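Q: What follows is a predicted protein model with its sequence.
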Amino acid sequence: MDGIGTRPETKAPDWRRVAAIATPLLLLSLLPLYATFGASAYEQRVIIVLGIDIMLVLSLNLFNGFTGVFSLGHVGFMALGAYGSAILSMPVAHKAINLPELPAWLAGVELGFLPSILTAGLLAAVVAVVIGLPVLRLSGHYVAVATLSFLVIVRVVLINATPFTRGSRTFFGTPAYTSVWWVYAWVLITIYIAWRILRSPYGRAMLAQREDRVAALAVGVNVLRTRMLPFVLSAFLTAVAGALWGHYILSFSPNAFYFTETFAIITMLVVGGMGSISGSVVGTVLIVLLTETLRELERGFDLGFVQVPPLYGLSQILMAVAFISVLIFRREGLLGNTEINFMRLFSKRERTADKNE
């Protein structure tokens, strides 16, 4: 009877597990550190935009990759986050000039950066619940078409809600609150949320209905519920990313939240691997760096023996070729459904050290 009613002894955490968790965090922290202390203005911009893109791709992957239901309308939530946070955080004096027709109940509101971001995210989450209840009962390409319709509706509303958004004109006056540390703090939060959900019983239910919806229903999985949570969380995080983007760009229009941005995010997701958190990060880094490199080459360059003229549009063409190549030769993406296993890396180092002894 010894031991009955006593608490089991807690083991000290394995150093490999601690190192495996700390390594990706340290790698991500290098970017804001470099942006703060050693980067040029251009490099700072690339690092900040990269972090926001990682958030957008991870948020989309939280729904598309883990549930197997493809959404084409998540950029609509990004627009809600950008406009919502900008309106809520804009100083009252600036609202009187930039948004003179704004309703009185909103014209006198001025929130700080974090409250405005969270409020805009909650607004997107509420919209996601309203949209998700009918849409997530569908499957396959029907969901893609329905969410694409949502994106079109958001754009039409933004263009016609002139008192709130200035219509199709450029929206300006957004406070410049976004910094590289804000962005990467939210990147870490997004990664943690996706990681925890994926490794929870709820996440296993999501993966089960993704692989075989009928079999999941047969064992009692509530398909609508397992789709609703990631959809709402994804909308919230996408809106937060949109708010961070808006407070960094400062001026934007409804055209910034349409097909171009939608397919850019989908390209990063597909290239990295749907269903993989590591793939979302890797795919985003590769696409952003490749895009920035090609953008420099578009201006023309000199090879010494030949002068290459400006080739505007080259980056979009080559990105489309890369996207098609991935779909043909590696449909599951670079990492597929797998993750970068840092535990295995440190285990190999330990075995190598043991052999050397």
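A: On my side now, so go ahead. Numbers count the residues shown, from 1 in each chain.

Q: check contacts around the most centrally placed residue in the chain.
A: When Cα atoms, centre = their mean is applied to the chain, the residue found nearest the centroid is L56 (1.6 Å). Each residue near L56 by Cβ atoms under 8 Å, 6 or more residues apart in numbering is listed here: H74, M78, T238, A241, I265. (C-beta placed from N, C-alpha, C; glycine too.)

Q: please redo it, this time with the cut-off set to 10 Å
A: Neighbouring residues of L56 by Cβ atoms under 10 Å, 6 or more residues apart in numbering: 74-75, 77-78, 190, 234, 237-238, 240-242, 244-245, 261, 264-265, 268-269, 280, 284.

Q: cool, and S71?
A: Residues in contact with S71 (Cβ under 10 Å, 6+ apart) are 60, 63-64, 77, 131-132, 135-136, 143-144, 146-148, 150-151, 231, 234-235, 238, 262, 266.

Q: can you list the weak-confidence ranges in this structure?
A: Applying pLDDT under 70 to the chain flags the ranges 1-24, 301-304, 342-357.

Q: What are the boundaries of the strands in it?
A: 301-302, 307-308 (DSSP state E).

Q: What helices and strands are in contact with the last one?
A: Of the remaining helices and strands, those touching strand 307-308 by 3 or more Cβ pairs under 10 Å, 6 or more residues apart in numbering; DSSP states H and E are strand 301-302.

Q: So P100 sits against A107, correct?
A: Yes - P100 lies in contact with A107 (Cβ atoms under 10 Å); the separation is 8.8 Å.

Q: Mind checking which of the two has more residues around it?
A: Neighbour count, other Cβ atoms under 10 Å: between P100 and A107, A107 has more, with 17 against 9.

Q: I'd like the distance between the nearest residue in space to the more buried one that is not next to it in sequence and I317.
A: Excluding the flanking residues, the one nearest A107 by Cβ to Cβ, 6 or more residues apart in numbering is K95, at 5.3 Å. Going from K95 to I317 by Cβ to Cβ, to the nearest Å gives 42 Å.

Q: quick one: which of the two has more around it?
A: More neighbours surround K95 than the other of K95 and I317, with 18 against 11 (other Cβ under 10 Å).

Q: if I pick K95, what's in contact with it?
A: I87, L102, L106, A107, G108, V109, E110, G173.

Q: Off-centre distance for stretch 60-68?
A: For stretch 60-68, the separation from the chain centroid amounts to 11 Å (computed by Cα atoms, centre = their mean, to the nearest Å).

Q: Ok, stretch 72-90 next?
A: Using Cα atoms, centre = their mean, the offset of stretch 72-90 from its chain centre is 14 Å.

Q: Check stretch 115-133 too.
A: Mean-position distance between stretch 115-133 and its chain equals 15 Å (Cα atoms, centre = their mean).

Q: Would you mark the buried spots in that stretch?
A: By neighbour count on 16 or more other Cβ atoms under 10 Å, the buried set for stretch 115-133 is 116-121, 123-125, 127-128, 131-132.

Q: can you check stretch 133-151 too?
A: V135, L136, V143, A144, A146, T147, L148, F150, L151.

Q: before we move on, the earlier item: buried subset of the contacts of L56?
A: Listed as buried from those are 74-75, 77-78, 190, 234, 237-238, 240-242, 244-245, 261, 264-265, 268-269, 280, 284; burial here means 16+ other Cβ under 10 Å.

Q: joint contacts of P100 and A107?
A: By Cβ under 10 Å, 6+ apart, the residues touching both P100 and A107 are P163.

Q: What about the nearest residue to S29 once chain neighbours are set aside, how many residues nearby?
A: Excluding the flanking residues, the one nearest S29 by Cβ to Cβ, 6+ apart is Y184, at 7.3 Å. Look at Y184: counted by other Cβ under 10 Å, it has 24 neighbours.

Q: repeat for the one 4 residues further on
A: Neighbourhood size, L188 [other Cβ under 10 Å]: 14.

Q: Start and end of stretch 157-177, how far apart?
A: 26 Å (Cα to Cα, to the nearest Å).

Q: Over to stretch 305-320?
A: Separation of the first and last residues of stretch 305-320 by Cα to Cα is 29 Å.

Q: what comes into contact with that stretch?
A: Here stretch 305-320 has contacts from 260, 263-264, 267-268, 271, 287, 290-302, using Cβ under 10 Å, 6+ apart.

Q: And that stretch, what's buried?
A: S315, L318, M319.

Q: Kindly report the same for stretch 291-310.
A: By neighbour count on 16+ other Cβ under 10 Å, the buried set for stretch 291-310 is T291, E292, L294.

Q: Show me which of these is closest to P91.
A: Using Cβ to Cβ, E292 comes nearest to P91 of the buried residues of stretch 291-310, at 33.5 Å.

Q: measure the closest one to Y142 for me?
A: Separation of E292 from Y142 (Cβ to Cβ): 37 Å.

Q: Need phi/psi at Y312.
A: Reported as degrees, to the nearest 10, the phi and psi values for Y312 are phi -70, psi 130.

Q: burial count for A218?
A: A total of 9 residues lie near A218 under the criterion other Cβ under 10 Å.

Q: so who does it touch?
A: D212.

Q: quick one: V49 from R204, how far?
A: Taking Cβ to Cβ as the measure, V49 falls 34 Å from R204.
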